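> starting from these lines, generate the structure:
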Amino acid sequence: MARPIAAAKARDPALDVGLVVAGHGRHYVVQTPEGREVLCHPRGKKSEVVVGDRVRWQPTNQHGDEGVLEGLEPRRNLLYRQDEWRTKSFAANLDRLLILVASEPVFSESQLARALIAAEEAGIEALILLNKVDLVEPARLARERLAPYRAMGYEVLEVALKSRDARSDHASAQSDHARALLAGRLATGATLVLGPSGTGKSTLVNLLVPEAAALTAEISTALNSGRHTTTHTRWYWLDAARQAALIDSPGFQEFGLQHIALTELARWMPDLRPHLGGCRFHNCTHIHEPGCAVRAALARGEIAPSRHRIYEALREELGRTKW
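Now for the predicted structure:
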């Protein structure tokens, strides 16, 4: 759990409490319980605040539309992203991951696995959404690749989203179907939607949050950061009662898994987990040792070869960073 911004003031009842709904650099948009949005800055040079955080803040001008962050409320969970340079936290207090993949372009199973491992470790429900199922042969191949994930118990929903440029009756019917399909699943809690470029994530966000573009433009103005703001995470309410929210995150290469202990990796993979504890050696790596229950399950076809290859690759990666 992150350190408080200011431990002495983190629980000060005189401070206002708000929700971080957007951020760029050292600028954050905090939403009050009444729905008012305030531009806030942290004290000091560093800030660990992310979208989804509940924070304590106080105004810095007479209008009350600017403030300073004074305290960070305890988090239920925290997710990390990573690129070739660093790992960084980017969203907190989530109830669900909606992972969007497409029949075309071919999705990265490694990226999907990383997202699911991050969700498992954080105790966050994960839902997979397969888009472009109207492409018959690519969709068939995508279903085959997703079969191990269905077998693990992950729910895979299928849609054929069309952009606003496709204004046919068929496209409208498909959009209505997708909205209805997701309505019950996203009715409560905070859902982070993920998807690489080309999967239809922007189409999905615009379908579920028609005012998303306008809200993003307002945040851009508030942060004075123009087009760059759209590359950062943003929280949108899905209902007037503010019981359900969608968090749109920019496309990024990988989920950060550096906080996961090397010996715990297999525990967060549902197809490997049932076989843990059955190995001959208590410190089995599940890669080369004799008497390995995981490798035996792999040989029996209970674990997909692609999944074990992903485990090996991630274990090697974590091993390089743990020493």
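> and Gly291, how many neighbours?
For Gly291, the number of neighbouring residues by other CB atoms under 10 Å comes to 11. Just so you know, the C-beta spots here come from the backbone N, C-alpha and C atoms, and that holds for glycine as well.
> right, I mislabeled it, should have said Lys45
Applying other CB under 10 Å, we find 6 other residues in the vicinity of Lys45.
> show me where the stretch 51-200 of the chain has helices.
Taking DSSP state H, counting those that start in this stretch to define them, one finds helices in the stretch 51-200 of the chain at 109-122, 136-151, 169-183.
> just the ones you listed: most buried one?
The highest mean neighbour count among the helices of the stretch 51-200 of the chain belongs to helix 109-122 (a mean of 20), with neighbours defined as mean count of other CB atoms under 10 Å.
> in CSV, list the helices of the stretch 51-200 of the chain along with distance to Glu48 and mean pLDDT.
Compiled in CSV, the helices of the stretch 51-200 of the chain are given as follows (distance: least, CB to CB, whole Å; pLDDT from 0 to 100):
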stretch, distance to Glu48, mean pLDDT
helix 109-122, 16, 95
helix 136-151, 32, 97
helix 169-183, 31, 81
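> tell me which of the ones you listed sits nearest to Trp237.
helix 169-183 (14.8 Å; CB to CB).
> nearest residue to His232 other than its sequence neighbours?
Closest residue to His232 apart from its sequence neighbours, by CB to CB, 6 or more residues apart in numbering: His24 at 5.3 Å.
> what is the neighbour count of the one you found?
Other residues near His24 come to 20 when the count uses other CB under 10 Å.
> now the spatially closest residue to Asn93 that is not a sequence neighbour: how far from Val30?
In space, and not counting its chain neighbours, Asn93 is closest to Gly52: 4.4 Å by CB to CB, 6+ apart. Relative to Val30, Gly52 is positioned 12 Å away (criterion: CB to CB, to the nearest Å).
> pull up the overlap in contacts between these two.
When CB atoms under 8 Å, 6 or more residues apart in numbering defines a contact, the residues bordering Gly52 and Val30 alike are Leu19, Val20.
> before we move on, the earlier item: count the residues that sit near the residue nearest to Asn93.
24.
> does it touch Leu94 like I think?
Yes - in this structure, Gly52 sits in contact with Leu94. The criterion is CB atoms under 8 Å, and the distance is 6.3 Å.
> now do the same for Val30: helix, strand or coil?
Reduced to three states with DSSP: H, G, I helix; E, B strand; the rest coil, the structure at Val30 is strand.
> need the residues that contact stretch 32-49.
Judged by CB under 8 Å, 6+ apart, the contacts made with stretch 32-49 from elsewhere in the structure are 2-3, 5-6, 16-18, 20-21, 23, 26-31, 55, 57, 59, 64-70, 72, 89, 222-223, 242.
> can you list the buried residues in that stretch?
Glu37, Val38, Leu39, Cys40, His41, Pro42, Ser47, Glu48, Val49 (16 or more other CB atoms under 10 Å).
> tell me how far the spatially most central residue of the chain lies from Thr203.
Among the residues of the chain, the one closest to the centroid is Leu192, at 4.6 Å (CA atoms, centre = their mean). Between Leu192 and Thr203 the computed distance is 17 Å (CB to CB).
> cool, and Ile124?
As it turns out, when the distance is counted by CB to CB, Ile124 lies 24 Å from Thr203.
> same thing with Gly123?
30 Å.
> of the two, which one has the most company?
Just comparing Gly123 and Thr203: by other CB under 10 Å the higher neighbour count belongs to Thr203, 21 against 10.
> the more buried one contacts Leu161, correct?
Yes - counting by CB under 8 Å, Thr203 touches Leu161, with 4.8 Å between them.
> so what sits against both of Gly52 and Leu94?
If you check Gly52 and Leu94 against CB under 8 Å, 6+ apart, the residues they both contact are Ala190, Ile247.
> ok, Ile117 - contacts?
Applying CB under 8 Å, 6+ apart to Ile117 gives the contacts Phe255, Leu257, Ile260, Leu265, Trp268, Met269, Leu314.
> if I look at it, how far off is Glu264?
Here the distance between Ile117 and Glu264 works out to 10 Å (CB to CB).
> same deal with Ala102?
Counting by CB to CB, the gap from Ala102 to Glu264 is 31 Å.
> and the two? Which one has more around it.
The neighbour count for Ala102 versus Glu264, taken as other CB under 10 Å, is higher for Ala102 (24 against 10).
> against Tyr236, how distant is the more buried one?
In this view, Ala102 and Tyr236 are 22 Å apart by CB to CB.
> that older thread, any idea which of the contacts of Ile117 is least confident?
Confidence by pLDDT is poorest for Phe255 among those, given 79.
> so how far is Leu112 from that one?
Here Phe255 is placed at a distance of 10 Å from Leu112 (CB to CB).
> which residue packs closest to Cys284, ignoring adjacent ones?
Nearest residue to Cys284, sequence neighbours excluded (CB to CB, 6+ apart): Cys292, at 5.3 Å.
> got the contact list for that neighbour?
Cys292 makes contact with Cys279, Arg280, Cys284, His286 under the criterion CB under 8 Å, 6+ apart.
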